[in-house]
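S.K.: Compute the structure for the input listed below.
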Amino acid sequence: MIFQIFILPVSSGLLYWLSSQAFSFPLLVWICLVPFGLSLYRSTPRKGLASGFVCGFVFWFLGVWWLKINLINLVGLPPWQAWGWTVVFCAYHAVPYAIFGCLAARFHWLERPLGPLLAAALLVVMRIWYPAVFPGNEAHNLSELPLLIQVLDLGGVPLLLFIVYLVNFLIMRALLCWREKTSPVPALVAVAIIFTLLISYGGYRLHDLHQKMQQAPDRQQISIISVQPNAPVNQAIPDVPPEDIKNNMTTALALCRTASLWHPEAELIVLPEQPAGYLCSDVVVRDLPHLIKDTGMAVMTPCAGTVDDTNRFYYNSVAYLDKNGVIAEEYRKNILVPFGEYIPLEARFPFLRRLFPGVMPFKPGEKTLLYDLGKGRQGIPALCYEAVFTGHVRRFVEHGGTVLLNMVDDAWFGKTKASKIHLSLAMYRAVEYRIPLVRVTNSGVGVFVQATGEIVPGSKTPLFQKSITSARLFIPEKRSPYSHWGDLFLYGLTVLSVVSVGWEFYVYYKRKELPCKT
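M.R.: Modelled structure (predicted):
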């Protein structure tokens with residue numbers, strides 16, 4: 001029993017961890033759920049529930065243990081409380097795995113020929129629709145393998161995640177067939193066909209886009225400068241070098257002037273989120289006009305916008321001035337980080353502020369706002385983890401957005417893999433919508449990503465070092481099928497799962513009602 005509900009699920013969690021950004025063995029993602037699937041073989045619903053919970057908990061805990069650092073340094077919690085809330089977070093996000101384990105065990109799906117297909121569909125539906133704080137999953141571990149992620153432009157993350165789950169469960173099915181001395185060939189042939197189609201489509205799309213990139217006119221390209229000032233967010237974080245301890249907005253502006261001399265061909269300078277919280281009015285009136293005059297380039301920077309005259313609440317905003325010094329409308333961050341930028345239900349339960357004293361007092365904005373970058377190019381401002389939500393970015397793409405500008409400050413998490421994980425979640429927007437991504441960070445990892453999902457060589461910035469990077473990005477003329485179809489594939493999986501589960505329960509209870517034969 002321990003082997004079934006603990007050792008096998010934990011093994012799946014460890015395989016996922018090895019395939020993640022922590023160790024960078026991404027191909028292990030194709031087998032990471034095999035042990036968990038084996039734990040459901042001839043299992044009971046209760047055991048399936050337990051093994052699913054263990055698998056999900058280990059998956060999340062190994063992936064996001066660094067959340068406790070943010071809870072200590074930003075929110076102000078003592079370490080024991082930070083660890084406690086991290087455990088609660090992981091337990092909450094393990095629930096979809098637990099429910100899936102219970103249902104898969106009850107219906108014995110993984111013991112049937114078509115079981116892997118139904119199981120993969122159900123687990124995708126459970127993972128995607130479950131209200132999670134971070135939408136990360138196994139599919140994101142393939143982010144640095146462009147050949148394997150091109151299908152994102154057809155069905156988004158749900159399609160790639162379905163393929164990952166299906167391959168895992170087919171391999172598990174092949175192992176079971178071998179164990180039961182039946183032929184594993186059908187399952188292995190199915191895996192071979194899936195990889196052939198996945199790689200063939202990836203190769204075709206990359207080749208097509210590379211050809212278009214070489215022939216792209218000037219209006220389909222843009223040169224951008226990214227400035228990484230490495231401003232310290234907290235004196236308690238020891239990762240900032242001594243020479244950077246006093247870095248601030250003045251440092252960032254000086255780097256902008258240096259960058260304009262190094263890269264005079266650039267058209268736009270983008271700055272990251274920074275810890276000081278400069279007021280938009282001060283930055284726009286005092287600093288940016290002089291910077292634009294000195295550089296001749298448009299500038300975009302995050303800043304704090306005031307809600308009213310009381311100074312009790314702020315907007316996490318973006319200020320943009322074009323190369324002529326014309327001030328655009330302030331973008332206000334739509335999606336705030338819970339327990340980082342606001343406390344859920346604080347208005348109803350004010351005592352929550354005493355539990356989370358360091359949470360910033362931000363209010364969300366509502367507008368879908370684009371910035372005119374000239375020649376028909378439209379910049380999409382995305383602050384922090386807004387870029388990881390595909391539905392949020394789709395709204396901007398539908399309004400004509402063509403370049404995703406993601407301004408981030410991950411310094412709160414120290415020298416962990418948090419920034420790299422954050423990057424992997426945001427990178428998929430480039431392939432889903434065929435738009436380039438510029439990820440500008442305060443302390444790393446910043447990066448330029450082409451619309452192919454490929455990282456521009458030399459553009460990845462190091463952690464906790466000042467940095468200036470620049471690249472010329474290709475903007476495809478047409479957006480992807482996914483930008484037009486939306487989540488049709490996910491809706492299809494949802495219908496399939498609901499019908500399948502409903503039918504299984506109908507059959508189950510119908511059998512219970514049948515009279516016993518004597």
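S.K.: Tell me the helix or strand right after the lengthiest helix in the chain.
M.R.: Longest helix of the chain, by residue count under DSSP state H: helix 185-214. Downstream of helix 185-214, the next assigned helix or strand under DSSP states H and E is strand 221-228.
S.K.: next SSE after that following strand?
M.R.: Using DSSP H and E, the helix or strand that follows strand 221-228 towards the C-terminus is helix 249-262.
S.K.: quick one: strands adjacent to the following helix or strand past that following helix?
M.R.: Counting by DSSP H and E, the next helix or strand C-terminal to helix 249-262 is strand 268-270. With DSSP bridges as the test, strand 268-270 is paired with strand 221-228 (parallel), strand 298-306 (parallel).
S.K.: Return the residues in contact with His399.
M.R.: Going by C-beta atoms under 8 Å, 6 or more residues apart in numbering, His399 touches Thr368, Leu370, Gln378. Heads up, the C-betas are built off the backbone N, CA and C, glycines and all.
S.K.: quick one: buried residues of stretch 123-131?
M.R.: Buried residues in stretch 123-131, defined by neighbour count with 16 or more other C-beta atoms under 10 Å: Leu123, Val124, Val125, Met126, Arg127, Ile128.
S.K.: which secondary structure elements does the longest helix of the chain contact?
M.R.: Here helix 185-214 touches helix 152-179, strand 467-474, going by 3 or more C-beta pairs under 8 Å, 6 or more residues apart in numbering; DSSP states H and E.
S.K.: Leaving aside the residues adjacent along the chain, what's closest to the residue positioned nearest the centre of the chain?
M.R.: Taking C-alpha atoms, centre = their mean, the centroid of the chain lies closest to Leu425, which sits 2.2 Å from it. In space, and not counting its chain neighbours, Leu425 is closest to Val388: 3.9 Å by C-beta to C-beta, 6 or more residues apart in numbering.
S.K.: I'd like the distance from the longest helix of the chain to the chain centre, please.
M.R.: 23 Å (C-alpha atoms, centre = their mean, to the nearest Å).
S.K.: Okay, buried residues for that helix please.
M.R.: Within helix 185-214, the residues that count as buried by 16+ other C-beta under 10 Å are Ala187, Leu188, Ala190, Val191, Leu198, Tyr201, Gly202, Arg205, Leu206, Leu209, Lys212, Met213.
S.K.: what about the fifth one, distance to Glu504?
M.R.: Read it as Leu198. 29 Å (C-beta to C-beta, to the nearest Å).
S.K.: swap in the first one?
M.R.: According to C-beta to C-beta, Ala187 stands 22 Å off from Glu504.
S.K.: Same question for the second one.
M.R.: Applying C-beta to C-beta, one obtains 27 Å for the distance of Leu188 from Glu504.
S.K.: Next: the fourth one.
M.R.: Taken as C-beta to C-beta, the spacing of Val191 relative to Glu504 amounts to 25 Å.
S.K.: for Lys181, same thing?
M.R.: Distance of Lys181 to Glu504, computed by C-beta to C-beta: 28 Å.
S.K.: same question, Tyr92
M.R.: According to C-beta to C-beta, Tyr92 stands 27 Å off from Glu504.
S.K.: what do you get for Lys333?
M.R.: Lys333 is 43 Å from Glu504, where distance means C-beta to C-beta.
S.K.: Of the two, which one has the most company?
M.R.: Using other C-beta atoms under 10 Å as the criterion, Lys333 and Glu504 rank with Lys333 on top: 25 against 16.
S.K.: count of neighbours near Lys466?
M.R.: Based on other C-beta under 10 Å, the number of other residues close to Lys466 is 20.
S.K.: quick one: pLDDT of the closest residue to it other than its chain neighbours?
M.R.: Closest residue to Lys466 apart from its sequence neighbours, by C-beta to C-beta, 6+ apart: Asn230 at 4.8 Å. pLDDT for Asn230: 96.
S.K.: cool, the one 4 residues further on as well?
M.R.: For Asn234, the model assigns a pLDDT of 78.
S.K.: Tell me how many other residues crowd it.
M.R.: 15.
S.K.: Distance-wise, check the nearest residue to it once chain neighbours are set aside relative to Ala418.
M.R.: Take Asn234 and drop its neighbours on the chain: the residue closest to it by C-beta to C-beta, 6+ apart is Asn73, 4.8 Å away. Per C-beta to C-beta, Asn73 is found 12 Å from Ala418.
S.K.: Give me the common contacts of the two.
M.R.: Counting by C-beta under 8 Å, 6+ apart, Asn73 and Ala418 have no common neighbour.
S.K.: circling back to that earlier point, tally of neighbours for the residue nearest to Lys466?
M.R.: Residues lying near Asn230 (other C-beta under 10 Å) number 28.
S.K.: which regions of the stretch 101-250 of the chain lie under the pLDDT threshold?
M.R.: Across the stretch 101-250 of the chain, the ranges flagged by pLDDT under 70 are 235-236.
S.K.: Recalculate using a threshold of 90.
M.R.: Counting by pLDDT under 90, the stretch 101-250 of the chain shows low-confidence ranges at 109-113, 132-135, 179-181, 233-240.
S.K.: before we move on, the earlier item: count the neighbours of the residue nearest to Leu425 for me.
M.R.: For Val388, the neighbour count with other C-beta under 10 Å is 24.
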